[in-house]
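1. Sequence and predicted model, in that order:
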Amino acid sequence: MAEYTKPMPVVDPISRPFWDGCRDGKLLAQHCKGCGRRRWTPSPVCPDCYSWEAEWEPLTGRGKIHTFVVSHRAFHKGFADEIPYVIAHVTMDGTDDKVTMMSNLVGVPWQDVKVGQAVEVFFDKATDDLTLPKFRPV
C-alpha cells in the first residue's frame, strides 16, 4: 500500500464505531433509542430529544447527491494529482433526509455530476488503520 498523503480524519471515542464499520465494509449511523432518529455526525446526545442512548445501525449505502462542489485547486498537496475532484453531500436513502454525508465522488467526470444523482458507497483503505467511505454513481 502506498503512503497516504492526505489529511486524516480524527477518530475519537464517539466516532470510533463509524470508522470500525468502514473498515469492515459497513456504512453506519447512530440511531437514537429515545426518539428513533438516525443522525449524522456522531454525537453523544440526540439533537432532537436530548437522549444519551443511541446504537449504531447499518445504512443501505445508497443515496442521492444533495449538493456538491468541484475543486479545481489542490488545497492540500495530497490532492494535487486528482484535481479537479468532486466533494459531494449525499443524503442517504431510508433516513428521512436526516443523514447527509460528505465525501469524494469518483467514477464520473465532474462535468456530468448532477444534484439528485443516485450514488453508492464504496470503501477505500487509506492505511492499515483507516478505511474511508467514498461514493460513485449507481
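-> Everything's here; your move.
2. For residue 96, report the pLDDT, please.
-> What the model reports for residue 96 is a pLDDT of 80.
3. Number the residues from 171 up from this point.
-> Renumbered: residue one is now 171, and that last one reads residue 266.
4. Quick check: it vs residue 214, distance?
-> 22 Å (CB to CB, to the nearest Å). The way it works is simple: take the backbone N, C-alpha and C, and place the C-beta from them, glycine included.
5. Then residue 289?
-> 29 Å.
6. Which of those two has more residues huddled nearby?
-> residue 289 (26 against 9; other CB atoms under 10 Å).
7. Neighbouring strands - and their directions - for whichever helix or strand the more buried one is part of?
-> When elements are assigned from DSSP states H and E, residue 289 belongs to strand 288-295. Strand 288-295 pairs in its sheet with strand 232-241 (antiparallel), strand 301-307 (antiparallel), by DSSP bridges.
8. Give me the distance from it to the chain's centre.
-> 9 Å (CA atoms, centre = their mean, to the nearest Å).
9. name the helices or strands packed onto the lowest-mean-pLDDT helix or strand in the chain?
-> Lowest mean confidence among the helices and strands of the chain (mean pLDDT, DSSP states H and E): strand 208-209, at a mean of 91. If you count contacts as 3 or more CB pairs under 8 Å, 6 or more residues apart in numbering; DSSP states H and E, strand 208-209 packs onto strand 198-202.
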